[in-house]
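*Asks:* no sequence on this one, just coordinates:
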């Protein structure tokens, strides 16, 4: 998959920033997308095109268990988030709901990627190619179970319970 | 194995498990509320569109529902969410649905212990990040999103990566001006808001014996703010006594092995601890309360699953008795049962005579939703658990997190105040 980078270079971007509390009563995915990242950049939904990537600091998505957070981001067109680490519930919501991919990469790689860079992400090879800079990076591989859920498009479609 | 490993091993049907293993664990109890519930309903309707037949759920008797975030409903959407949730729970035969205005209701994490919904040794998941709270009962308790909760409702199990356990030993004699809130804020300040990511935070030591059940719940409640998968305290006679007053159900407490391995062991001498406050905009951004005594506040908030249990109200009332508040002060007991006990004990009169406004149990302003949200530049000192930008209202408002004693002391002076200095 290929897309443009939207970079917010700070750690601990929390769920109250990604989708503020008053919108928790909303369950319409398109409506939620209009407010994605409202606590950090009110123009975020206009800037994103379908297929783009978000690049952020460590502990992305900390705070609440609200699945509204990956839903709102995915609704803007974001397909993957690159960060050195993710908060656990955000990570599993993103994967299990099949909304977008939380991709863990080293801090140094985050530093090399700039806002507006054009990336190619190949999860089958665990490789990220920065087409703007002609560089290639390694992403952390998904653990076996996560890879299977990602492949299924979410836990909803995952059927291999008994094989574990 | 640790208590967390033993509980999850049992639930996964394995004799032994180690940190890093991924298992599907059987779930004993599951909770959803008026925010995660409508999300679950949406996942169910997607499944139906995919052709799945959803006539019944795995075990309606293991499921319970609360109305807590948007109650009483501040607007039509919230009211309609409650109606949708009521129809859905009726359709699937879920009997334990705590509704406002119909007897006992309150914040989900408070009902989990007030109503003994979860017992020692159980695996409990909830559609809310502070589900960790209930780990203080000696259970494995972790928060999940609504897709995972929907999956549990159909399958009775869910995957977990077995976490490493960080052990926090709390030693010494706890001074009377120190509350569990000070202890957990200090720990989060030390290890950072991602310091326990994917891990278990377990608490032990002689101070645990000095804390009542409700105070223990404050410790595990805020393990979420350090990124922990779960917080846990082994059940003991205090747990047993608390549960005996609330349920006839029997349970088998699980304790960790004496040779259990911990990824880190921390020791805290609680007799030396000062009252702690977390400054904007992170629960890990801590200071000693006395270093912040020049900070003028606009509001004091005593509410939420973290800071409006009966003991929280008792201690706040002790300071506020016979005093007048200098800034807006809002008190919202965390459950109807606690509200009722607070009336019988005369606590509500103390708050009212001090000038505070009393509100019904709700997550309301804690998550910036309604019932007392903050305006631009307003500064609040609060017994709640989060102070991210915009958490309690306007993005340019500021929240300082503190114990009910510090919040009550600050309400009296209008500035952030150590409870030892409030009596002047």
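*Replies:* That came through, no problem. From a predicted model like this one, the values you see are computed outputs, not experimental measurements.

*Asks:* and the top strand by length along chain A, which residues are buried?
*Replies:* Across chain A, the strand with the greatest residue count (assigned by DSSP state E) is strand A:2-8. Neighbour counts using 16 or more other Cβ atoms under 10 Å in any protein chain shown place A:3, A:4, A:5, A:6, A:7, A:8 of strand A:2-8 among the buried residues. For every residue, glycine as well, the C-beta is placed using N, CA and C.

*Asks:* Let me have the residues you listed in TSV, extended by distance to residue B:2.
*Replies:* Output for the buried residues of strand A:2-8, formatted as TSV (distance: Cβ to Cβ, whole Å):
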residue	distance to residue B:2
A:3	42
A:4	45
A:5	41
A:6	41
A:7	39
A:8	37
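
*Asks:* Low-confidence ranges, chain A, go.
*Replies:* For chain A, residues meeting the criterion pLDDT under 70 lie at A:159-164.

*Asks:* got it, and the stretch 251-400 of chain B?
*Replies:* Looking at the stretch 251-400 of chain B by pLDDT under 70, you get an empty list.

*Asks:* how about the strands in the stretch 251-400 of chain B?
*Replies:* B:264-269, B:276-278, B:286-288, B:299-302, B:328-331, B:357-358, B:379-382, B:398-401 (DSSP state E, counting those that start in this stretch).

*Asks:* if we compare those, which one ends up closest to chain A?
*Replies:* strand B:398-401 (10.8 Å; Cβ to the nearest Cβ).

*Asks:* Show me which residues of chain A sit near chain B.
*Replies:* A:11-12, A:14, A:16-17, A:20-22, A:24-27, A:39, A:58-59, A:62-68, A:70, A:85, A:87-89, A:92-93, A:96-97, A:143-145, A:154-156, A:161, A:164 (Cβ under 8 Å from any Cβ of the partner chain).

*Asks:* Any of those residues buried? List them.
*Replies:* Neighbour counting over the residues of chain A next to chain B (16+ other Cβ under 10 Å) leaves A:11-12, A:14, A:16-17, A:20-22, A:24-27, A:39, A:58-59, A:62-68, A:70, A:85, A:87-89, A:92-93, A:96-97, A:145, A:154-156 as the buried ones.

*Asks:* now the strands of the stretch 251-400 of chain B as TSV including mean neighbour count?
*Replies:* Shown next, in TSV, are the strands of the stretch 251-400 of chain B (neighbours: other Cβ atoms under 10 Å in any protein chain shown):
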stretch	mean neighbour count
strand B:264-269	14
strand B:276-278	27
strand B:286-288	17
strand B:299-302	28
strand B:328-331	24
strand B:357-358	16
strand B:379-382	26
strand B:398-401	27
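
*Asks:* Tabulate those in CSV, adding columns for distance to residue B:14.
*Replies:* Shown next, in CSV, are the strands of the stretch 251-400 of chain B (distance: least, Cβ to Cβ, whole Å):
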stretch, distance to residue B:14
strand B:264-269, 25
strand B:276-278, 39
strand B:286-288, 39
strand B:299-302, 44
strand B:328-331, 47
strand B:357-358, 49
strand B:379-382, 42
strand B:398-401, 39
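
*Asks:* I'd like these laid out as JSON lines, including distance to chain A.
*Replies:* JSON lines is the format used below for the strands of the stretch 251-400 of chain B (distance: least, Cβ to the nearest Cβ, whole Å):
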{"stretch": "strand B:264-269", "distance to chain A": "17"}
{"stretch": "strand B:276-278", "distance to chain A": "13"}
{"stretch": "strand B:286-288", "distance to chain A": "15"}
{"stretch": "strand B:299-302", "distance to chain A": "14"}
{"stretch": "strand B:328-331", "distance to chain A": "17"}
{"stretch": "strand B:357-358", "distance to chain A": "21"}
{"stretch": "strand B:379-382", "distance to chain A": "14"}
{"stretch": "strand B:398-401", "distance to chain A": "11"}
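
*Asks:* check contacts around residue B:346.
*Replies:* When contacts are counted by Cβ atoms under 8 Å, 6 or more residues apart in numbering or on different chains, residue B:346 is found next to residue B:317.

*Asks:* contacting residues around residue A:104?
*Replies:* Contact partners of residue A:104, counting by Cβ under 8 Å, 6+ apart, are A:83, A:84, A:85, A:86, A:139, A:140.

*Asks:* The same query, at a cut-off of 6 Å, please.
*Replies:* Residues near residue A:104 by Cβ atoms under 6 Å, 6 or more residues apart in numbering or on different chains: residue A:140.

*Asks:* hmm, back to that, nearest to residue A:33, of the strands of the stretch 251-400 of chain B?
*Replies:* Closest approach to residue A:33 among the strands of the stretch 251-400 of chain B (Cβ to Cβ): strand B:398-401, 27.2 Å.

*Asks:* Residue A:107 reaches residue A:83, doesn't it?
*Replies:* No: using Cβ atoms under 6 Å, residue A:107 makes no contact with residue A:83, being 9.4 Å away.

*Asks:* In terms of neighbours, single out the busier of those two.
*Replies:* Neighbour totals were compared for residue A:107 and residue A:83, and residue A:83 leads with 25 against 12 (other Cβ atoms under 10 Å in any protein chain shown).

*Asks:* and residue A:51, how many neighbours?
*Replies:* Look at residue A:51: counted by other Cβ under 10 Å, it has 13 neighbours.

*Asks:* so where does the closest residue to chain A within the stretch 151-300 of chain B fall, helix or strand?
*Replies:* Nearest to chain A in the stretch 151-300 of chain B, going by Cβ to the nearest Cβ, is residue B:194, at a distance of 3.9 Å. Here residue B:194 sits in a region with no helix or strand, counting by DSSP states H and E.

*Asks:* Please verify my assumption that it contacts residue A:59.
*Replies:* Yes: using Cβ under 6 Å as the test, residue B:194 is close enough to residue A:59 to be in contact (3.9 Å).
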